[in-house]
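Student: here are the coordinates; sequence isn't available:
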């Protein structure tokens, strides 16, 4: 029996990397792997925490102070060695000497692609963190890049050898994230007050600037000028600043802020299109989760999830706000049911069980 130790400062289904830790642990346990997690903060719903325990996943909780990003390389590296035994250590980029370091968001990649949006202090912070990351990556036996985009950053910005990197996409819980049948979907849309002929767009992200939300505003303004008004956009994950509120005036946008995972699933299920025109996004879970619920993705090539999208077949890849407006004009005018089927089929290939199986084959 394989034995794995996952080092994750948090277990939380509303934050990307901690959510990945939870889902991978559960999938590995279902495949018969002996899984142990070291963490400091547990914010999982009781039902999800119970699933881990029922599957025999051991959880060792360390003091909350250890989750501090500055302190975590010291404390977590020590405790990972203590609990290692014959386990394979999978870390998230803040422990030295991992067997596998799971690279979600390389700081030097953010510095390279997001510099125009960063303040000087943010750039200095990313450089400092990038130097620590480089030491951690060099000390690890293997690096798990969540997309080829991340692999490119690791080789070009961190100087990591290609043969040290495995590319394995993140996954989706296809039991939790699933499409509704037509009757259920109509019923939920009515409950939310959405007219039957309205196309529902969705944006999910905590940082609207870096994830290209202003590109969406530009595209929608062009659509409004063309008198195409049968849409509503749900913006989830952030609180709009005054500039965004002003630019959104007269557009059909509803800002919902952060949602629980349960509510987020519902909005994915009633959505027709997910918009994420980011400037750099390693492999956002939102895209795969939305696809699993039947939402058609529209992303840029700088979104790692674009690597599983074939333009026009199971989603759309755009390069700027002009292309975004053109794609939206087409999508909002079409019957999207045929596309939805292909989108869901694509997402199901990347279930967490399949990700866990591929990881075990690498190991």
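Tutor: Okay, I see it. All figures in this text were calculated on a predicted structure; none of them were measured in a lab. Numbering: from 1, shown residues only.

Student: element containing residue 184?
Tutor: Using DSSP states H and E, residue 184 maps to helix 182-191.

Student: quick one: buried residues of the very next helix or strand once past that helix?
Tutor: Counting by DSSP H and E, the next helix or strand C-terminal to helix 182-191 is strand 199-204. By 16 or more other C-beta atoms under 10 Å, the buried positions in strand 199-204 come out as 199, 200, 201, 202, 203, 204. C-beta here means a position set from N, CA and C on the backbone, and glycine is covered the same way.

Student: what count of nearby residues applies to residue 215?
Tutor: When neighbours are counted by other C-beta atoms under 10 Å, residue 215 registers 22.

Student: packing partners for the host helix or strand of it?
Tutor: Using DSSP H and E, residue 215 maps to helix 213-225. If contacts are counted by 3 or more C-beta pairs under 8 Å, 6 or more residues apart in numbering; DSSP states H and E, helix 213-225 sits against strand 199-204, strand 231-236, helix 242-247, helix 321-331.

Student: got the phi and psi for residue 289?
Tutor: Main-chain dihedrals, residue 289, degrees, to the nearest 10: phi -70, psi -40.

Student: low-scoring pLDDT stretches of the stretch 151-300 of the chain, where are they?
Tutor: 226-229 (pLDDT under 70).

Student: mind running it again at 80?
Tutor: Along the stretch 151-300 of the chain, segments meeting pLDDT under 80 span 224-229.

Student: and the contacts of the helix or strand harbouring residue 50?
Tutor: Assessed by DSSP H and E, residue 50 sits inside helix 46-54. Outside helix 46-54, the residues that touch it by C-beta atoms under 8 Å, 6 or more residues apart in numbering are 11, 13, 22, 25, 26, 29, 37, 42, 44, 59.

Student: ok, so of those residues, who is nearest residue 82?
Tutor: residue 37 (14.3 Å; C-beta to C-beta).

Student: identify the residues contacting the helix or strand containing that closest one?
Tutor: Element membership of residue 37 [criterion: DSSP H and E] is strand 34-39. Strand 34-39 has contacts (C-beta under 8 Å, 6+ apart) with 1-11, 21, 25, 28-29, 52, 55-62, 76, 79-80, 83, 87.

Student: now stretch 333-349
Tutor: 172, 174, 177, 179, 199, 228, 272-273, 288-289, 291-297, 308-309, 313-315.

Student: ok, back up a step: so which of the helices and strands packed on helix 213-225 is nearest residue 124?
Tutor: helix 242-247 (24.8 Å).

Student: helices or strands next to that closest one in the packing?
Tutor: helix 213-225.

Student: one more pass at 10 Å, please.
Tutor: Other helices and strands packing on helix 242-247, by 3 or more C-beta pairs under 10 Å, 6 or more residues apart in numbering; DSSP states H and E, are helix 213-225, strand 253-257.

Student: hmm, back to that, adjacent strands (with direction) for the next helix-or-strand element following the strand holding residue 37?
Tutor: Remark: after strand 34-39, the chain's next helix or strand is strand 41-42, criterion DSSP H and E. Sheet pairing for strand 41-42, assigned by DSSP bridges, gives strand 10-11 (parallel).
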